[in-house]
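Novice: got a structure for you, letters missing:
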């Protein structure tokens, strides 16, 4: 902690490192119990710091994301978002402007795979959910 103009500044920092987070959404309506979408976030790290000169909270992180859609006809997951590595940063200022800057950047091309099967399956699932 430092003192600036008679005000004590508190500086805090946090680091989160995770090897893998996997989320699977299951379609369990209208008699089905099959996977729908699976997302994998791995590996990732997020660091935050607060109290630095005019900034309230600074966050920086590196993430890798991939998303797969379950094709019920072939009983297999198909990639929708190929593995994609990107950086995120955010600065929240505590000055009079209260500005919030947020950025996502990557040196890699974002590759999406969408097919008629994906779209039709998703639409029929949404329709089934609304009737359930």
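Specialist: Everything's here; your move. The structure displayed is predicted, hence computed values, not measured ones.

Novice: Excluding chain neighbours, what is closest to residue 70?
Specialist: residue 35 (4.2 Å; Cβ to Cβ, 6 or more residues apart in numbering). Glycine gets a C-beta too; all of them are placed from N, C-alpha and C.

Novice: Residue 46 versus the one you found, what's the distance?
Specialist: Going from residue 35 to residue 46 by Cβ to Cβ, to the nearest Å gives 27 Å.

Novice: mind listing what the helix or strand hosting the residue nearest to residue 70 pairs with, with the direction of each?
Specialist: Remark: residue 35 resides in strand 34-41, with elements defined by DSSP states H and E. For strand 34-41, the paired strands and their directions (DSSP bridges) read strand 21-27 (antiparallel), strand 55-71 (antiparallel).

Novice: what about this protein, any weak spots by pLDDT?
Specialist: 1-10, 30, 51-54, 96, 132 (pLDDT under 70).

Novice: ok, which stretches of it are strands?
Specialist: 2-4, 7-9, 12-18, 21-27, 34-41, 44-50, 55-71, 76-93, 100-105 (DSSP state E).

Novice: looking at those, which is closest to residue 112?
Specialist: strand 76-93 (5.9 Å; Cβ to Cβ).

Novice: Now do the buried residues in the closest one.
Specialist: Across strand 76-93, burial judged by 16 or more other Cβ atoms under 10 Å covers 80, 81, 84, 88, 90, 91.

Novice: Hey, what's the angle from that strand to strand 44-50? Just curious.
Specialist: Using axes from the mean of the first three to the mean of the last three Cα atoms, to 10 degrees, the inter-axis angle of strand 76-93 relative to strand 44-50 is 10 degrees.
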